[in-house]
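# take this sequence and fold it.
(2 chains)
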Amino acid sequence: MLEIKDLHATVEGSEILKGITLTINPGEVHAIMGPNGAGKSTLSAVLAGRDGYEVTQGTITFDGKDLMEMEVEERAQAGLLMGFQYPVEIPGVKNIYLLKSALNAQRAAQGLEEMPAPEFMKLIKEKIGFMKMDSSFLHRAVNEGFSGGEKKRNEILQMLVLQPKLALLDEIDSGLDIDAMKVVADGVNSLRDENRAILMVTHYQRLLDHITPDQVHVLIDGRIAKSGDRHLAEELEARGYEWVVEEPAA
Amino acid sequence: MATEAMEQLARREYKQGFVTDIESDTVPPGLDESVIAFISQKKGEPQWMLDWRLEAYHQWLKMTSPSWAHLDYPPIDYQAISYFSAPKKPEDRPQSLDEVDPKLLETYEKLGIPLHERAALAGVAVDAVFDSVSVTTTFREKLAEAGVIFCSISEAIREYPELVRQYLGTVVPQGDNYFAALNSAVFTDGSFVYIPEGVTCPMELSTYFRINAANTGQFERTLIVCDKRAQVSYLEGCTAPQRDENQLHAAVVELVALEDAYIKYSTVQNWYPGDEDGKGGIYNFVTKRGDCRGDRSRISWTQVETGSAITWKYPSCLLRGNESKGEFYSVAVTNGRQQADTGTKMIHIGKNTSSTIVSKGIAAGKSNQSYRGLVKVSPRATGSRNFTQCDSLLIGDKCGAHTFPYQEIGNSRSTIEHEATTSKIGDDQLFYCKSRGISEEDAVSMIVNGFCKDVFQELPMEFAVEAEALLSVTLEGSVG
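Got it, this is the predicted structure:
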């Protein structure tokens, strides 16, 4: 589903990603871990298509298409959706309006008609119920005045509505208390099926207690220094990142 | 057709005997008494009307063009303007839509303007404008049944001279300001509305339906009178960009609300803003004022200003009746090199009067706009209240938004509230929307419409829908 080959990327002229190769197949959940400054957020930003990040070498293929040739909105319409660490506030725009526009943009890209209002309301009701959110959320401005936990729930709510093929979760666990963490994890887990994949970028092993990854990759200095199964995460939690650097790359 | 009828009328009433040659359709550029006399005569006006115009002209001569607004434009040569010109002859106009600027047509398409109206808006020589004769007839019958008068101001001066004379210039006096004085001297068309006592106008009135609205000209004069307990909702303008040969537009609108009357006046202004460098755009200098003359009367202005190269406009309310109410809801959008200095004046004179001001300014491109508002509470207007909310939204970093609120509070038993915010559509917000699959254009219009919704909900339904589309078109390409 996602194939990254020898990806090099620079930010303001300095190289942050120095040759990343990673393949994610449908049905898989991958976690990328690593110390601060290793390039985790650069990788997320490049995948999401943020400005200011220049890919200097390598390729990214999503569902057989060259991701670098796709506009940000095209990526989302094609099913690559990013859950942000710090979702931005948009005053004046109601949450429900954003959800509706996003869903209909996706449907339009697939050649489908807009979803009829009753069907849309039914869908939304079910999803906010699942995320244990109050329906008043829908009529509040996007992320405006939301607590950290509410913002993260809202990101996952969008995923549940838009049903991405590949969900990118950037530090989705930051700022969550235990209860909120559980709701968010339940939301993410409900997305798991054989046709969908999830890529999580995280600092802490804690998230992986709730969302079990199939593969864990350690990102150090712009390269994947080590890959393994979920036990690698436990080892990292216990031993830190230092030892990975000292061992030869996997 | 309408023009021909007017010509005939003008010829028929040519008995006051002025010197200017009535056969001629256009006066040479320049302004003096003979030009005013020519206009008055062309319109078949009575002597008092001509005297009124001349009085305005003499006041205008002593005035100077205001310079306090935050606007920048070269001095206007008033002697270079032709103050009366008959509409262009069909053979001088584009013969078909093929001859019209494709960009303009594209805009009509985006706004969803019906095909048969596009030609008329673009100034193409078409005979039957909007196929509206039958619509207009049924419409007139319905109004006549209710006793409502709705006609051109020229017609009103001839047919209802008493009513016009009683109210004309009582809200905006001839010498009120430079542009109002000029308008009073040379106005050539506009609308007149009278709603009799106790009548609620059975439909929304729109200049669109007034059959001879086609060439309203650059000095429009509108007078709306709502008698006791009467109500009317009036729509002015058109969401399609209108081109005009005349660069200077100086309209005057007067509203009079007697006891318990309610006038709702909605405008969508979309005059040609000029090309990318602002060349050829309309200068729009308007004086709009409502007089809440009777107790418990109410006047509400709602405006969506997207067009013109320069806008100078302050729809105001004189709250003279006790417990009268004034409202001003405004969305002003500027893009490219447009400049707008707009706002309102709420003058509280009666006791327990209240006013609400909600102004939303959106600046994009290299445009500049200012909100200028005055809230004045006279010493005897005790128990009065004002609420002002004034928000600006910037798109990009080459535009400017300014706020100039003035408050003069003459007693201590009144309440004034003022809230203001300035925000910017951030790249982060756009990126967020795009990462949800929403295109940049849709994202901008979603954010802008969210910003304006307090005002849009004041607009009549079909206007509100058009206004949203209009905003998207105006702001197209403003980001990036």
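
# contacts for stretch B:227-238?
B:121, B:148, B:193-201, B:204-208, B:222, B:224, B:226, B:253, B:258-270, B:294, B:460, B:463 (CB atoms under 8 Å, 6 or more residues apart in numbering or on different chains). Backbone N, C-alpha and C define where each C-beta goes, glycine included.

# residues of stretch A:230-243 that come out buried?
For stretch A:230-243, burial by neighbour count (16 or more other CB atoms under 10 Å in any protein chain shown) applies to A:Arg230, A:Leu232, A:Ala233, A:Glu235, A:Leu236, A:Tyr241.

# hang on, the third one in a helix?
Yes - secondary structure of A:Ala233 (DSSP: H, G, I helix; E, B strand; the rest coil): part of a helix.

# check what pLDDT it gets.
Per-residue pLDDT puts A:Ala233 at 87.

# and it, how far from B:Ser34?
For A:Ala233, the distance to B:Ser34 equals 93 Å [CB to CB, to the nearest Å].

# over to the fifth one?
According to CB to CB, A:Leu236 stands 94 Å off from B:Ser34.

# residue of the stretch 351-480 of chain B nearest chain A, please.
Nearest to chain A, among the residues of the stretch 351-480 of chain B, is B:Gly450, at 3.0 Å (CB to the nearest CB).

# just the helices in chain A please.
Under the criterion DSSP state H, chain A contains helices at A:40-48, A:72-77, A:95-109, A:117-130, A:148-162, A:178-191, A:206-210, A:230-239, A:242-246.

# the first one: how far from the chain's middle?
Put simply, helix A:40-48 sits 10 Å off its chain's centre (CA atoms, centre = their mean, to the nearest Å).

# what's in contact with that helix?
Residues from elsewhere that reach helix A:40-48 (CB under 8 Å, 6+ apart): A:7, A:9, A:11, A:16-17, A:20, A:32-34, A:52-53, A:55, A:60, A:67, A:72, A:75, A:80, A:82, A:85, A:168, A:170-171, A:199, A:201, A:203, A:219, A:222, B:435.

# still on that earlier bit, filter the contacts of stretch B:227-238 down to the buried ones.
Of the contacts of stretch B:227-238, these count as buried by 16+ other CB under 10 Å: B:121, B:148, B:193-196, B:199, B:201, B:204-207, B:222, B:224, B:226, B:253, B:258-270, B:294, B:460, B:463.

# any idea which residue sits dead centre in chain A?
Nearest residue to the geometric centre of chain A (CA atoms, centre = their mean): A:Leu168, 1.8 Å.

# which residues does that residue form a beta bridge with?
Following DSSP bridges, A:Leu168 is listed with bridge partners A:Met82, A:Leu199.

# ok, it - contacts?
Applying CB under 8 Å, 6+ apart, we find A:Leu168 in contact with A:Ser44, A:Leu47, A:Ala48, A:Leu80, A:Leu81, A:Met82, A:Gly83, A:Leu199, A:Val201.

# pLDDT and neighbour count for the residues you listed - can I get that in a markdown table?
Listed next are the contacts of A:Leu168 as a markdown table, based on pLDDT from 0 to 100; neighbours: other CB atoms under 10 Å in any protein chain shown:
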| residue | pLDDT | neighbour count |
| --- | --- | --- |
| A:Ser44 | 92 | 22 |
| A:Leu47 | 94 | 23 |
| A:Ala48 | 92 | 21 |
| A:Leu80 | 94 | 27 |
| A:Leu81 | 94 | 26 |
| A:Met82 | 93 | 29 |
| A:Gly83 | 93 | 27 |
| A:Leu199 | 95 | 26 |
| A:Val201 | 92 | 24 |
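
# can you pull the residues of chain A lying near chain B?
Applying CB under 8 Å from any CB of the partner chain, we find that chain A lies next to chain B at A:48-51, A:71-73, A:75-77, A:81-82, A:84, A:87-94, A:97-98, A:101-102, A:105-106, A:109, A:141-142, A:158, A:162.

# what's downstream of the longest helix along chain B, the next helix or strand?
Longest helix in chain B, counting residues (DSSP H): helix B:440-456. Where DSSP states H and E defines the elements, the next helix or strand beyond helix B:440-456 is helix B:461-474.

# name the helices or strands packed onto that following helix?
helix B:102-111, strand B:262-269, strand B:298-305, strand B:325-334, helix B:440-456 (3 or more CB pairs under 8 Å, 6 or more residues apart in numbering or on different chains; DSSP states H and E).

# got any ranges where chain B has weak pLDDT?
B:1-26, B:85-138, B:207-217, B:238-246, B:276-278, B:462, B:476-480 (pLDDT under 70).

# return the residues of it in contact with chain A.
Counting by CB under 8 Å from any CB, the positions of chain B adjacent to chain A are B:423, B:426-429, B:431-440, B:442, B:446-447, B:450-451, B:453.

# lovely, talk soon.
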